[in-house]
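*Asks:* My questions concern the predicted model and sequence given below.
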Amino acid sequence: MEILTIAFAISATLTLLTVLFSGWEVWTHLLYNPEAGIRRYIIRILIMVPIYAVTSYLALTIPEYKVYFETIRDFYEAFALHSFYYFMIEFLGGQAVLAQRLLSHKQQTHHAGGFQLCLSTWKMGPEFVAKNTWGILQYIPCKIFITVMTYVSIIFDFYGEGQYTNPFVAYGYLTVLLTVSQTWALYCLLLFYHGCHEELLPMKPFPKFIAIKAIIFFTFWQSCMISMFSRFGVISESWHIRCEEIHTDPITGATTYEHCWEPAEIGGALNNFIVCLEMLIFTVVHHYAFNIEDFIRMEQEKNHGDPAKHSLKENLVDNFLLTINLFDIRDNIQEAQGPLLTEMQRLALAFDDPTQPLPPVAKAPPAAPVLRRPAESSEPAVTHRSLARQYDLLPQDSL
């Protein structure tokens, strides 16, 4: 039996198990997760694993459409990163609440990893939240641009998959652009996690952060490494994968293989097979990182241990429709474009923190003078007759 047939069977089994286990995890959150604000983000993150598995399996079994399936997978990766960031934002009460909290009593978080040499410190508060938000959101339009350019370069035959050093193909340029954008997004996510670590402790952020970062970062560099192996001969045609014609010399017994897969095709198939295996592992990781019991426990603590407030199942259809409603992305972008704190909030926080400059307050125009009638006194009015009476200048009968 050809090795590719065995790979198809194994990857199909792994993908099926991944879809079943992840589907069960999504189902439990749809039914029992009491946190309506963060439920949709959690489900979108959980769906990332079966999408990776299914698209990798399809790319393995239908290699002529491999680039399209891998593009879908990569695009959802950016969407999942956005969902994870706003999952944390929603848990912390929203951008405005978080900015106000960081501005009022949070210790300054500094850049690391060499970025402190070229970047100024982002002050805790609106600046810290806004710049991290844009640092993560930029990954989405960058992914869209790379997707479009990938399709265009394939149509006009200058994609050059695996050709990193060829300046006349698009693959090397797109890989560099994707690497820079992805690295910056993951760095901003790491900086945000470090700056808000104490506030995120109740939801156990470390396994969640590792789960999302490992899928995005590890699978990307894995594909780059396998592509380099294909480029430099570690993976070669001598593997004899999917050969169309096989001739055996009746005298010498030597076998001749023809029209076999090229190294780039073998490397792509190997990468997709490994991803199918890894996604089953990440299904187990997601089960512990986003365990439904943790969110039920947090809701109980919020409601002072009252189980009745989270035991009722909400409408399954409504929860599902809320999850697939993507208009929140538009709302998030619009929110990121505007100021996170109002002038009144900044003024109040500046009075609480003397290190913060007071926002400029416009001087009110001078009020016009108001003419008032003199108030009536309870004392009797002083007249000439009263003065004369006081000094006995008038007879009593004339009063």
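*Replies:* Received it, and whenever you're ready, just let me know what you need. Residues are numbered from 1 along each chain as shown.

*Asks:* got any ranges where the stretch 201-350 of the chain has weak pLDDT?
*Replies:* Where the stretch 201-350 of the chain drops to pLDDT under 70, the residues are 237-240, 242-260, 303-350.

*Asks:* how about the helix or strand hosting A264: buried residues?
*Replies:* If you go by DSSP states H and E, A264 is part of helix 263-289. For helix 263-289, the neighbour count (16 or more other CB atoms under 10 Å) marks 263-276, 278-280, 282-283, 285-287, 289 as buried. All C-beta spots, glycine's among them, are computed from the backbone N, C-alpha and C.

*Asks:* quick one: the helices in the stretch 101-250 of the chain?
*Replies:* Using DSSP state H, counting those that start in this stretch, the helices found in the stretch 101-250 of the chain span residues 126-137, 139-155, 171-195, 197-200, 205-213, 219-231.

*Asks:* want to throw those helices into JSON lines with mean neighbour count?
*Replies:* Below are the helices of the stretch 101-250 of the chain laid out as JSON lines (neighbours: other CB atoms under 10 Å):
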{"stretch": "helix 126-137", "mean neighbour count": "21"}
{"stretch": "helix 139-155", "mean neighbour count": "16"}
{"stretch": "helix 171-195", "mean neighbour count": "18"}
{"stretch": "helix 197-200", "mean neighbour count": "14"}
{"stretch": "helix 205-213", "mean neighbour count": "18"}
{"stretch": "helix 219-231", "mean neighbour count": "18"}
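
*Asks:* any idea how far the closest residue to L102 other than its chain neighbours is from Y151?
*Replies:* Sequence neighbours aside, M124 is the residue nearest to L102 in space, at 4.3 Å (criterion: CB to CB, 6 or more residues apart in numbering). Applying CB to CB, to the nearest Å, the value for M124 to Y151 is 42 Å.

*Asks:* ok, back up a step: return the distance of the residue nearest to L102 relative to L98.
*Replies:* M124 sits 10 Å away from L98, taking CB to CB as the criterion.

*Asks:* between the two, who's got more neighbours?
*Replies:* Neighbours per residue (other CB atoms under 10 Å) separate M124 from L98, with L98 holding more: 25 against 20.

*Asks:* how many other residues sit next to the nearest residue to the more buried one once chain neighbours are set aside?
*Replies:* Nearest in space to L98, with sequence neighbours left out and distances taken as CB to CB, 6+ apart, is L92 at 4.6 Å. The local packing of L92 (other CB under 10 Å) involves 18 other residues.

*Asks:* quick one: L92 and E198 touch, right?
*Replies:* No. The pair L92 / E198 is not scored as a contact, 10.8 Å apart, by CB atoms under 8 Å.

*Asks:* Report the angle between the helix ranked longest in the chain and helix 263-289.
*Replies:* Looking across the chain with DSSP state H, the single longest helix is helix 3-32. For helix 3-32 against helix 263-289, the angle by axes from the mean of the first three to the mean of the last three CA atoms, to 10 degrees is 30 degrees.

*Asks:* Helix 3-32 packs against which elements?
*Replies:* Packing partners of helix 3-32 (3 or more CB pairs under 8 Å, 6 or more residues apart in numbering; DSSP states H and E): helix 36-61, helix 263-289, helix 292-302, helix 316-324.

*Asks:* quick revisit: what sits against the residue nearest to L102?
*Replies:* L102, L103, K106, Q107, Q108, T109, G195 (CB atoms under 8 Å, 6 or more residues apart in numbering).

*Asks:* rerun at 10 Å
*Replies:* By CB atoms under 10 Å, 6 or more residues apart in numbering, the residues touching M124 are A99, R101, L102, L103, S104, H105, K106, Q107, Q108, T109, G195, C196.

*Asks:* which ones are touching the last one?
*Replies:* Pointing back at C196 there. Applying CB under 10 Å, 6+ apart, one finds that C196 lies in contact with 88-89, 91-92, 98, 101-102, 106, 109, 124, 128-129, 132, 205.

*Asks:* Report the lowest-confidence entry in the residues you listed.
*Replies:* Least confident of those in the model: K106, at 66.

*Asks:* Please work out the angle formed by the directions of the longest helix of the chain and helix 292-302.
*Replies:* Angle between the axes of helix 3-32 and helix 292-302 is 20 degrees (criterion: the same axes, to 10 degrees).

*Asks:* What residues sit buried inside helix 3-32?
*Replies:* Buried, per 16+ other CB under 10 Å, within helix 3-32: 4, 7-8, 11, 14-15, 18-19, 21-22, 25-26, 28-30, 32.

*Asks:* how far away is the closest residue to A7 other than its chain neighbours from I10?
*Replies:* Excluding its sequence neighbours, the residue lying closest to A7 (CB to CB, 6+ apart) is F273, at 5.3 Å. To I10, F273 is 8 Å away according to CB to CB.

*Asks:* what's the answer for A80, then?
*Replies:* On the measure of CB to CB, A80 and I10 end up 25 Å apart.

*Asks:* mind giving me the domain ranges of this protein?
*Replies:* Listed domain ranges for the chain are 1-235+264-328, 329-360 (source: the TED database).

*Asks:* Please dump those domains into CSV; it should also carry distance to I241 for every row.
*Replies:* Output for the domains of the chain, formatted as CSV (distance: least, CB to CB, whole Å):
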stretch, distance to I241
domain 1-235+264-328, 5
domain 329-360, 41
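
*Asks:* thought T55 was touching F69?
*Replies:* Yes. Counting by CB atoms under 10 Å, T55 sits close enough to F69 to count as a contact (4.4 Å).

*Asks:* what about stretch 42-56, average pLDDT?
*Replies:* In this model, stretch 42-56 has an average pLDDT of 94.

*Asks:* Can you show me the CA trace of that stretch as CSV?
*Replies:* C-alpha atoms of stretch 42-56 as CSV (Å, rounded to 0.1, in the frame of the first residue of the first chain):
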residue,chain,number,x,y,z
ILE,A,42,-14.6,31.5,23.3
ILE,A,43,-16.6,29.5,20.8
ARG,A,44,-14.8,31.3,17.9
ILE,A,45,-11.4,30.3,19.5
LEU,A,46,-12.6,26.7,19.9
ILE,A,47,-13.7,26.5,16.3
MET,A,48,-10.2,27.3,15.2
VAL,A,49,-9.0,23.8,15.9
PRO,A,50,-11.5,21.9,13.7
ILE,A,51,-11.1,24.5,10.9
TYR,A,52,-7.3,23.9,11.0
ALA,A,53,-7.9,20.1,10.9
VAL,A,54,-10.5,20.1,8.1
THR,A,55,-8.7,22.5,5.8
SER,A,56,-5.4,20.7,6.3
